[in-house]
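Q: Sequence and predicted structure, then a few things I'm wondering about:
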Amino acid sequence: RTPRAIQLARSESDSKPAVNPTTPVFDDFAKRVDNYMEVREQVEDSVGDLDPSKSQAEIATRATTLAAGIIAARPEAKPGDIFTTEAATVIATLIKQEYSRRSEPVQETREDAQEELPDFAPKVNSLYPTTYPLATFPPTLLPLLPPLPDKLEYRIVQHYLVLRDIEANIIIDFMPNAVPV
């Protein structure tokens, strides 16, 4: 080996491993989700744990109380508090790439699947309307998105990606133009 080749080999081995560009964005997203969960846990402590042995009416009352408490604890909540511009850009790109990889027959049935999606404009700190069904979330998308705590879930509402608190049934954030129409 020539001295130049040896020097290049050394500099390559000394260089840091490549960092996935989504890592800092997803880390920030996780931190924002954790901040929400801290607020949620404080409210839940005052409301009490979910007791599945209670009647349906008591469970519904607890959910309503939990939702009201979370909304009161986050009066200034707005779109983008969790789905920052950076996170929205990365997530929307991942979703669009996944949709573009779908086979032609799957893409052709997409219009039928759109009819299953709820037709409302989401708002932060509002209840997810119970008049709409909770449409099935595409299983091929879930592994691409940042993981969520058990008490939160992603939902698609038309072209929005919604972040929903399951027990409280509230929309804690959403991304417009996240899903191809």
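A: It's in.

Q: My read is that residue 161 contacts residue 174, right?
A: Yes. Using CB atoms under 8 Å, residue 161 is in contact with residue 174, at 6.6 Å. Using the backbone N, CA and C atoms, a C-beta is placed for each residue, glycine as well.

Q: Need the overlap of contacts for these two.
A: By CB atoms under 8 Å, 6 or more residues apart in numbering, residue 161 and residue 174 have these common neighbours: residue 83.

Q: can you tell me which residues contact residue 153?
A: Neighbouring residues of residue 153 by CB under 8 Å, 6+ apart: 137, 163-164, 166.

Q: actually residue 129, not the one I wrote
A: Residue 129 is in contact with 118, 120, counting by CB under 8 Å, 6+ apart.

Q: Can you list the helices and strands that the longest helix seen in the chain packs against?
A: In terms of residue count, the longest helix belonging to the chain (DSSP state H) is helix 22-47. For helix 22-47, the elements it packs on are helix 56-73, helix 85-100, strand 152-157, judged by 3 or more CB pairs under 8 Å, 6 or more residues apart in numbering; DSSP states H and E.

Q: Need the winner for burial among those.
A: strand 152-157 (a mean of 20; mean count of other CB atoms under 10 Å).

Q: Report the inter-axis angle for it versus helix 85-100.
A: With axes from the mean of the first three to the mean of the last three CA atoms, to 10 degrees as the basis, strand 152-157 and helix 85-100 are set at 60 degrees to each other.

Q: ok, and what's touching the helix or strand following strand 152-157?
A: Next in sequence after strand 152-157, counting helices and strands by DSSP states H and E, comes strand 160-165. Residues outside strand 160-165 that contact it (CB under 8 Å, 6+ apart) are 40, 67, 70, 82-83, 91-92, 95, 121-122, 128, 148, 151-156, 170-179.

Q: which residues of the chain score low on pLDDT?
A: The chain contains residues with pLDDT under 70 at 1-19, 103-117, 181.

Q: Done for today, thanks.
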